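[1] Got a sequence here, can you build the structure:
(chains A and B)
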Protein chains: 2
Amino acid sequence: MKIYDITVAISADVPIYKGDPGVEVTSFKSIADGSSANVSHVSLGVHTATHIDAPNHFIDGAKRIHEIDPEKLVGPCRVIEVPEDVVAIEPEHVGNLGGLIRVLFKTRNSAFWATPEDGFRTDFTYLTPATAKLLVDSGVVLVGIDYLSIEKSGSPGHPVHITLLEKEVVILEGVDLREVKGGDYGLICMPLKYIGGGGDGSPARTMLWHNE
Amino acid sequence: MKIYDITVAISADVPIYKGDPGVEVTSFKSIADGSSANVSHVSLGVHTATHIDAPNHFIDGAKRIHEIDPEKLVGPCRVIEVPEDVVAIEPEHVGNLGGLIRVLFKTRNSAFWATPEDGFRTDFTYLTPATAKLLVDSGVVLVGIDYLSIEKSGSPGHPVHITLLEKEVVILEGVDLREVKGGDYGLICMPLKYIGGGGDGSPARTMLWHNE
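    Below is the predicted model:
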C-alpha cells in the first residue's frame, strides 16, 4: 500500500484565507528550559491549511464538525485532474463517476503551495454552481479542491458552498495534490473532533492510498 | 464496514493533563453577528484529549510530529482488553500479537470519560517498563491506551515513554474504547500536521473499523 500525505502543514507561514485568524505555534514547556518534557501550544482558525467545512460554516443551525458522519470521510475517492488552463471547473470536467461518492479536483492551484510567500491568492481555480449541483445530484458525499476555497473568490451568496452544505456534502479545501496523479484511490480525511464555537470546520489530516 | 470513532472530543470541559494548557474554542466570526459565515478559533495544548506523542516530547532533538511515518498510523491493530482490576499492564497481558504491529489497551480507564467533571485523574491504568520493552522487542510501531498518559503518574525518568519514543514507536493516548470490544480491527490515527513549537504531539482523530 502506497500512502500519499496530501495535507498542507499548519505553520506561521501558511497562506490564510482573507480575514481569517493567523496561526501561532509556540513552546509551552521545553526540556531546554528545564521542564521534563516538550509541550507545544497551537492557536488557529479552523479553516487553516488543509481543512473541511461543516454545514454550519454557511448555514446557521446546521450540522457541526463533530456531527459529520465518519463514513463520509473514509473510502474510495476519485482524483480528477483538470487541465492547467482551467479556472472554472464545469460539469464537463467531472465525467462519469461510476458510482464513486468522493471526488477531489487536481488543478493549477496545487502549484501555489510551492510559493507560500505569495500569501493568500484570489485567482484560484474553483467549482461553478452548475458543477456543485451536478455533484450533489450524483450522490457525492465529499468534494475537495487544492486551494483554500472551492468557490470563486467573492461570489455573492456563496451558491457553491450552500448547494453542497445544504445536502451535508463535506467540503475539503486546501489539499496539496502536486505528488498525486488523476485516478482512483482510497481517501482518509480526519478533522479534529471538537465542541464549541461554531463547529464550522476543522483542519483535517488527509491522505490518499492505493495498492501497488 | 463498521467504523468506531474512538476520539474524545476537544472541548473546554475535557480533562487536561496536569500542568498542560487548557482549551479555548471561540467564535471568531458569526452569521448571527452579521458575518457571511461562521468561523471558529481553537487554542489548545497539543497533548489534549485523544492525541499522539512524537519522539521530541521527551527526547530533545528527536523526530517531530510532521516527521512521523504515515504508514505507522494506518493499518491492522489489536485491541487488548485487560481485566477491570488491572492497574499495571504487565507483559503477561500482551499475549501473542501474531505479527500485529499496532496495539491499543482497553482498560478501566475508558470509563473515566463518562465523568469529565472529575477532572484529570492520576490513578489511571498504565504500562509497566517491562511491557514497553516487550512491545518494542516485538516490533510494535504504535501503542495506545485509553487515558491521558501511558505511564504511571509521576514515574521518575519516564522510562515507558523513553523506551517507546527512542524506537520511534507512536504513543497514542486518550482514546475512548467504551464502545469497542477486544479483538482485531483496522486503525486510522491522524494527528495534525504542523510545524513550529516543539512538534512534540498532536490531537489525533482516531477510528477503528472492521468488516461486518
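[2] okay but A:Ser43 is in contact with A:Phe28, surely?
    No. Assessed by Cβ atoms under 8 Å, A:Ser43 is found out of contact with A:Phe28, at 11.0 Å. Where you see a C-beta, it was placed from the backbone N, CA and C, and this is true even at glycine.
[3] Who has more neighbours out of the two?
    Higher neighbour count among A:Ser43 and A:Phe28: A:Phe28, with 19 against 16, using other Cβ atoms under 10 Å in any protein chain shown.
[4] residue furthest from the geometric center of chain A?
    Going by Cα atoms, centre = their mean, the residue of chain A most distant from its centre is A:Gly34, 38.9 Å out.
[5] so what's the residue nearest to the spatial centre of chain A bridging to?
    The centre of chain A sits closest to A:Glu173, judged by Cα atoms, centre = their mean, with a distance of 2.1 Å. With DSSP bridges applied, the residues forming beta bridges to A:Glu173 are A:His51, A:Ile145.
[6] How much space separates it from chain B?
    According to Cβ to the nearest Cβ, to the nearest Å, A:Glu173 stands 13 Å off from chain B.
[7] Break down chain A into its helices, ranges please.
    For chain A, applying DSSP state H gives helices covering A:129-137, A:159-165.
[8] Those helices: which one's closest to chain B?
    With Cβ to the nearest Cβ as the measure, helix A:159-165 is the member of the helices of chain A nearest chain B (8.1 Å).
[9] The closest one packs against which elements?
    Applying 3 or more Cβ pairs under 8 Å, 6 or more residues apart in numbering or on different chains; DSSP states H and E, we find helix A:159-165 packed against helix A:129-137, strand A:170-173.
[10] Rebuild those as CSV, extending it with mean pLDDT.
    Shown next, in CSV, are the helices and strands packed on helix A:159-165 (pLDDT from 0 to 100):
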stretch, mean pLDDT
helix A:129-137, 98
strand A:170-173, 98
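[11] and those, which is most packed in?
    strand A:170-173 (a mean of 25; mean count of other Cβ atoms under 10 Å in any protein chain shown).
[12] for that one, packing partners?
    Applying 3+ Cβ pairs under 8 Å, 6+ apart, we find strand A:170-173 packed against strand A:51-53, strand A:142-145, helix A:159-165.
[13] follow-up on the earlier one: A:His93 is nearest to which of the helices and strands packed on helix A:159-165?
    A:His93 lies closest, by Cβ to Cβ, to one member of the helices and strands packed on helix A:159-165: helix A:129-137, at 7.3 Å.
[14] How far off centre is that closest one?
    17 Å (Cα atoms, centre = their mean, to the nearest Å).
[15] which outside residues touch that helix?
    Identification of contacts with helix A:129-137 by Cβ atoms under 8 Å, 6 or more residues apart in numbering or on different chains yields A:89-91, A:93-94, A:103, A:127, A:143, A:159-160, A:163-164, A:167, A:169.
[16] Could you identify which of those residues has the most neighbours?
    Most surrounded of these: other Cβ under 10 Å gives A:Leu127, at 29 neighbours.
[17] where does chain A have low pLDDT?
    Chain A contains no residues with pLDDT under 70.
[18] I'd like to know which of the helices of chain A lies nearest to A:Leu148.
    Among these, helix A:159-165 comes nearest to A:Leu148, with 12.7 Å by Cβ to Cβ.
[19] what distance separates the closest one from the centre of its chain?
    Centroid separation for helix A:159-165 versus its chain: 14 Å, with Cα atoms, centre = their mean.
[20] And stretch A:173-193, by the same measure?
    With Cα atoms, centre = their mean, you get 8 Å for stretch A:173-193.
[21] Over to stretch A:11-29?
    Distance of stretch A:11-29 from its chain centroid, counting by Cα atoms, centre = their mean, is 17 Å.
[22] rewinding a little: ok, the residue farthest from the centre of chain A to B:His47 distance?
    A:Gly34 sits 18 Å away from B:His47, going by Cβ to Cβ, to the nearest Å.
[23] gap between the residue farthest from the centre of chain A and A:Ser27?
    Distance from A:Gly34 to A:Ser27, counting by Cβ to Cβ: 12 Å.
[24] what sits against A:Lys29?
    Contacts of A:Lys29 (Cβ under 8 Å, 6+ apart): A:Ser35, A:Ala37, A:Asn38, A:Val39, B:Gly19.
[25] how does it look with 7 Å?
    A:Lys29 makes contacts with A:Ser35, A:Ala37, A:Asn38, A:Val39, as judged by Cβ atoms under 7 Å, 6 or more residues apart in numbering or on different chains.
[26] for A:Thr163, same thing?
    By Cβ under 7 Å, 6+ apart, the neighbours of A:Thr163 are A:Pro129, A:Ala132, A:Lys133, A:Val136.
[27] Name the nearest residue to it, ignoring sequence neighbours.
    Nearest residue to A:Thr163 in three dimensions, chain neighbours excluded: A:Ala132, at 4.2 Å (Cβ to Cβ, 6 or more residues apart in numbering or on different chains).
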